[in-house]
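Peer 1: build me a model from this:
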Amino acid sequence: MSNWLPFLKSGPTVAVIRLAGVIGAQGRGALNDAVLAPAIEKAFAKGKPVAVALEVNSPGGSPVQSSLIGARIRRLAEEKDVPVIAFVEDVAASGGYWLAAAADEIYGDPSSVVGSIGVISASFGLHELIGNYGVERRVHTAGKSKSMLDPFRPENPEDVARLKVLLEDIHVNFKDHVSARRAGKLPEDQDLFTGEVWLSRRAAELGLIDGIGHLKPMMKERFGDKVKFRRYGVKRGLLSRFGAQMVQDAVQGIEERAAYARFGL
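Peer 2: Numbering: from 1, shown residues only. As a prediction, this is how the structure comes out:
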């Protein structure tokens, strides 16, 4: 009723965006800019929020999608002049920390895992396996590097060297993002970009987050007990809500489970 009657003053609103899951361009449930864009845009535009809170629970994933999502959040925060505050749940590591660093402030639970500011590439070598079964791999390319890191061929040192250059360049982008977003808060005498992770208290001491805290209590302390929360996030499809699963979803679930398992979760 208060929304219909202009003379009745309503409480402040905090828009809450949930960023949970592996970050990737494809796969149902994966976090990516195309899927999240409508929710993020609405969160900043609807109802003139006094702040946007990010619920982050991600072990990482695509560096490009992490960058696109983070850039969208920053662009809207500056356009709308709305502060952004991130709250880490189980983990904000690798690309998950990239998203958290898009906020003006970051808080976590005492047991939250934070960090992993590094880049990883993992695959399998299957050339001996197919050889044991008498399978011959036939690949024809135009361009000597077109079949780089083919898992069905023996690893080529030149391919590995090229991959390391790519990983280092992505790592530089990651470091630049964190250094810019956490400017003045990080120690100058310690390398935090090794891929190591920390729990929240230690992460706060290192300047990677701003302290320990949970979303609702902190927002009520900051904006008063009458603060309202409006939630935004990715909506699951009808079949997903009824628990329908396909082979692709099962594979994605295994991969996501493995991503969280890297941090003991």
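Peer 1: drop to CA atoms for contacts and neighbour counts, all remaining ones
Peer 2: Will do.
Peer 1: count the neighbours of the nearest residue to Val35 once chain neighbours are set aside for me.
Peer 2: Leaving aside its chain neighbours, Val35 sits nearest to Val234 (6.9 Å; criterion: CA to CA, 6 or more residues apart in numbering). Neighbourhood size, Val234 [other CA atoms under 10 Å]: 18.
Peer 1: contact partners for Val234?
Peer 2: 18, 29, 35-36, 39 (CA atoms under 8 Å, 6 or more residues apart in numbering).
Peer 1: likewise for Phe223?
Peer 2: Pro12.
Peer 1: so what does Gly211 have for phi and psi?
Peer 2: Backbone torsions for Gly211, taken as degrees, to the nearest 10, come to phi 160, psi -170.
Peer 1: so it bridges to which residues?
Peer 2: Tyr107 (DSSP bridges).
Peer 1: return the distance of it relative to Lys164.
Peer 2: 35 Å (CA to CA, to the nearest Å).
Peer 1: what of Ala20?
Peer 2: In terms of CA to CA, Ala20 sits 29 Å off from Lys164.
Peer 1: end to end, how far does stretch 18-31 reach?
Peer 2: Start-to-end span of stretch 18-31 (CA to CA) is 10 Å.
Peer 1: how far does it sit from the chain's center?
Peer 2: 8 Å (CA atoms, centre = their mean, to the nearest Å).
Peer 1: which one is Val82 nearest to, not counting chain neighbours?
Peer 2: Per CA to CA, 6+ apart, closest to Val82 is Ala51, 5.5 Å.
Peer 1: tally up the residues packed near the closest residue to Ser123 other than its chain neighbours, please.
Peer 2: Distances taken as CA to CA, 6+ apart put Pro151 closest to Ser123, at 7.3 Å, once the chain neighbours are dropped. Residue crowding around Pro151 was assessed by other CA under 10 Å; the count is 13.
Peer 1: would you verify that Pro151 is located in a strand?
Peer 2: No. Pro151: not assigned to a strand; according to DSSP: H, G, I helix; E, B strand; the rest coil it is coil.
Peer 1: low pLDDT regions in the stretch 51-200 of the chain?
Peer 2: Scanning the stretch 51-200 of the chain for pLDDT under 70 picks out 127-129, 131.
Peer 1: any chance you could map the strands in it?
Peer 2: Secondary structure of the stretch 51-200 of the chain (DSSP state E, counting those that start in this stretch): strands located at 51-58, 84-93, 105-108, 113-115, 197-199.
Peer 1: the ones you listed into a markdown table, with extra columns for distance to Pro12 and mean neighbour count?
Peer 2: A markdown table is the format used below for those (distance: least, CA to CA, whole Å; neighbours: other CA atoms under 10 Å):
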| stretch | distance to Pro12 | mean neighbour count |
| --- | --- | --- |
| strand 51-58 | 9 | 25 |
| strand 84-93 | 15 | 27 |
| strand 105-108 | 19 | 25 |
| strand 113-115 | 30 | 28 |
| strand 197-199 | 32 | 18 |
